[in-house]
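J.: this is a predicted model, with the sequence first.
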Amino acid sequence: MVAICCWLFLAVSEPASPVNVRTEDLLVSPPGANWISYNGDYSGRRYSSLSEINVHNVGQLRADWVFHARNSSRLEVTPVVVNGMMFVTSSNQATALDARTGRVVWQYSRPVSTGLIDDASGHINRGVAVWQDRVYMETDNAHLLCLDARSGNLIWDVAYADWNKNYGATSAPLVVKGKVLVGTSGGDDGVRGFVSAFDAMSGSLAWRFWTIPAPGEPGSESWPGKMYLHGGGTTWMPGTYDPELNTLYWGTSNPSPDFEGSVRPGDDLYTDCVLALDPDTGKLKWFFQFTPHDLFDYDSTETPMLINASYRGESRKLLVEANRNGYVYVLDRSNGKFLSAGPFVEKINWAKGIDAQGRPMRTEVQPTPEGTRVCPGYSGATNWFSPSYNESSQLIYLMALEQCQTYFSKAEPEAFKEGETYYSTGVKRIPTEKSQKFLIAYNLESGTIAWKYPQLGHGHSSGGTMTTAGGLVFFGDDAQSFEAVDAQNGKPLWHFTTGQDASASPMSYAVEGRQHVAVAAGSDVFSFALP
């Protein structure tokens, strides 16, 4: 453990009720008054059971309060709310707010780190985890912090990836069975990915699962020599958890170097996978790889949603993921069996489809020194921004990007260098082609798109979705607005112009029986409620 100087601003307001998150609180699904973790609950469905705000009155929704983060112009945080206390993060900073008014209760801050590269150099943070009376957050340089939920005082600090300076962290932790689970960024920077679990009380390491096998381990044939130390496969978004199966589901990023596959022959396990892990030991139960031997940076860190539903005449425990490679996958999460996959964007040329075993049927498209048009592009058909699933409509909602880009490779592979990215060249946009985002409703049973809501803009936003028992879908659009549409048909019902790009996913909570919807946009967190 490492002690580092920090700045603590004392409370100026009191929370509505004490914060004391118990196991039974974390098991509540779907979430109601409390939004207790990054996705609201363990399932990753981002479905709120609150219905005070609904299709009949959402047009009356008004901004209730705004909190401004002074040290970041691009918030990607999803607020967490427990008993009227809201926790948000910005660049190496955690703030507790009175969720009724937006007033600051306490604030913990430390300087941003120097010498970071790539994603970590943006000092992005997506939020906190809460357990008992403690709050957990990651720093830009991959430290896990434990704070007192009542005061913001630092309890402990663990550096969990300090052996390679190319590691960083941008995610929100996840608490499962008294352990705090974390991953890192750096999949494009020549690091070796992992998921780590720390004891929530002491901060001691409980287990670590390496996503790139060491020599002699299953899957190591893709990583000759010391390539396994730089293979990527980072775990930079929170996973999901099934308490009944006692299984974690965690996505892994692309292999590195990104666009040069000759130095990493074969499937490159366990990159671009969803991993089913035992939360007690970190042992691998099963895995499914979406894009074997990825040459396009098609991370598989999109949220693996856990849905119990009748699927093609059979009641099943499903794992559903809208993947960056352009396909929605349906798996049996009890054993990893592939059930189906269907495209959710029109522009796909890297594969002709997915075969009966779940493997892509590849085309000859790949990066070249001269440049090759590849669809989807480098940002993917979707990305880390959150999808959602509504129990009533039985539709999945996600933000999709129609885009192609030109991919390049080098005649000779690059060597890994600490302090530098490990892409082995890159991509360029195609000036003659327009990029466009869509809010898509995907029918799980039929494997087809139920409706599409086109976005105005240039495809640069990163706003996710959230759906509610009030029959609504909330999302940050591509034109600097926060919107609500009818979950059944996509009819637009309400919007609020934030004047800032959306780079976060919304949530909902209630205090004293009053429902709020909150979202971060630009450098601000907005909370909305009915008059």
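T.: Nice, thanks for sending it over.
J.: ok, which stretches of this structure are helices?
T.: With DSSP state H as the criterion, the chain has helices at 23-26.
J.: so where's it uncertain?
T.: In the predicted model of the chain, residues 1-17 satisfy pLDDT under 70.
J.: all strands for the stretch 1-150 of the chain, in order.
T.: Assigned by DSSP state E, counting those that start in this stretch, the stretch 1-150 of the chain shows strands spanning 7-9, 47-48, 62-68, 80-82, 85-90, 93-98, 104-109, 129-131, 134-138, 143-148.
J.: so which of those strands comes closest to residue 357?
T.: Distances from residue 357 to each of the strands of the stretch 1-150 of the chain were compared using C-beta to C-beta; the minimum, 30.9 Å, belongs to strand 47-48. For every residue, glycine as well, the C-beta is placed using N, CA and C.
J.: the strands in the stretch 351-500 of the chain, which residues?
T.: In the stretch 351-500 of the chain, the strands defined using DSSP E, counting those that start in this stretch lie at 351-354, 360-362, 372-374, 388-390, 395-402, 405-407, 427-429, 436-443, 448-454, 465-468, 472-476, 481-486, 492-497.
J.: show residues contacting the fourth one.
T.: With contact meaning C-beta atoms under 8 Å, 6 or more residues apart in numbering, strand 388-390 is reached by 45-47, 305, 307, 320, 395-398, 444, 464-468, 471, 473, 487.
J.: now the last one
T.: Defining contact as C-beta under 8 Å, 6+ apart, one finds that strand 492-497 is touched by 55, 58-59, 61, 63, 453, 472, 477, 480-486, 526, 528.
J.: return the members of these classed as buried.
T.: The neighbour count (16 or more other C-beta atoms under 10 Å) marks 55, 58, 61, 453, 472, 477, 480-486, 526, 528 as buried among the contacts of strand 492-497.
J.: and which of those is nearest residue 34?
T.: The nearest member of these to residue 34, counting by C-beta to C-beta, is residue 528 at 17.7 Å.
J.: please verify my assumption that the closest one contacts residue 515.
T.: No. Taking contacts as C-beta atoms under 8 Å, residue 528 lies outside contact range of residue 515: 9.4 Å.
J.: spatially nearest residue to residue 253 (excluding sequence neighbours)?
T.: Using C-beta to C-beta, 6 or more residues apart in numbering and skipping the chain neighbours, the partner closest in space to residue 253 is residue 187 (3.3 Å).
J.: around that neighbour, how many other residues sit close by?
T.: Other residues within reach of residue 187, judged by other C-beta atoms under 10 Å, total 32.
J.: and the strands of the stretch 1-150 of the chain: which comes nearest residue 439?
T.: Each of those has some distance to residue 439 by C-beta to C-beta; the shortest is strand 47-48, at 16.0 Å.
J.: and the strands of the stretch 1-150 of the chain as JSON lines, adding distance to residue 379?
T.: Formatted as JSON lines, the strands of the stretch 1-150 of the chain follow (distance: least, C-beta to C-beta, whole Å):
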{"stretch": "strand 7-9", "distance to residue 379": "36"}
{"stretch": "strand 47-48", "distance to residue 379": "26"}
{"stretch": "strand 62-68", "distance to residue 379": "28"}
{"stretch": "strand 80-82", "distance to residue 379": "27"}
{"stretch": "strand 85-90", "distance to residue 379": "23"}
{"stretch": "strand 93-98", "distance to residue 379": "27"}
{"stretch": "strand 104-109", "distance to residue 379": "31"}
{"stretch": "strand 129-131", "distance to residue 379": "27"}
{"stretch": "strand 134-138", "distance to residue 379": "23"}
{"stretch": "strand 143-148", "distance to residue 379": "28"}
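J.: residue 368: which of those is closest?
T.: Set against residue 368 and scored by C-beta to C-beta, the strands of the stretch 1-150 of the chain come closest in strand 134-138, at 37.4 Å.
J.: quick one: strands adjacent to that closest one?
T.: Taking DSSP bridges as the criterion, strand 134-138 pairs within the sheet with strand 129-131 (antiparallel), strand 143-148 (antiparallel).
J.: deepest of the ones you listed, which one?
T.: Neighbour counts (mean count of other C-beta atoms under 10 Å) averaged over each of the strands paired with strand 134-138 peak at strand 129-131, with a mean of 26.
J.: so what touches that strand?
T.: Contacts of strand 129-131 with the rest of the structure, by C-beta under 8 Å, 6+ apart, involve 19, 21, 36-38, 80, 82, 87, 135-137, 149, 172-175, 178, 180, 200.
J.: run the chain-centre distance for that strand.
T.: On the basis of C-alpha atoms, centre = their mean, to the nearest Å, strand 129-131 sits 17 Å off its chain's mean C-alpha point.
J.: kindly report the same for stretch 57-70.
T.: Computed by C-alpha atoms, centre = their mean, the separation of stretch 57-70 from the middle of its chain amounts to 24 Å.
J.: could you check that stretch and say which residues are buried?
T.: In terms of neighbour count (16+ other C-beta under 10 Å), stretch 57-70 has its buried residues at 58, 61, 64-65, 67, 69.
J.: picking up where we left off before, next, format the strands paired with strand 134-138 as JSON lines and append distance to residue 492.
T.: JSON lines is the format used below for those (distance: least, C-beta to C-beta, whole Å):
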{"stretch": "strand 129-131", "distance to residue 492": "34"}
{"stretch": "strand 143-148", "distance to residue 492": "40"}
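J.: among these, which is nearest residue 92?
T.: Within the strands paired with strand 134-138, the stretch nearest residue 92 is strand 143-148; the backing value is 9.1 Å (C-beta to C-beta).
J.: send the alpha carbons of the closest one over as PDB?
T.: Backbone C-alpha positions of strand 143-148 (Å, rounded to 0.1, in the frame of the first residue of the first chain) are rendered in PDB as follows:
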ATOM      1  CA  HIS A 143      -4.400   3.100  -7.800                       C
ATOM      2  CA  LEU A 144      -7.400   1.800  -6.000                       C
ATOM      3  CA  LEU A 145      -8.500   4.200  -3.200                       C
ATOM      4  CA  CYS A 146     -10.800   3.500  -0.300                       C
ATOM      5  CA  LEU A 147     -12.600   6.500   1.200                       C
ATOM      6  CA  ASP A 148     -14.800   7.000   4.200                       C
END
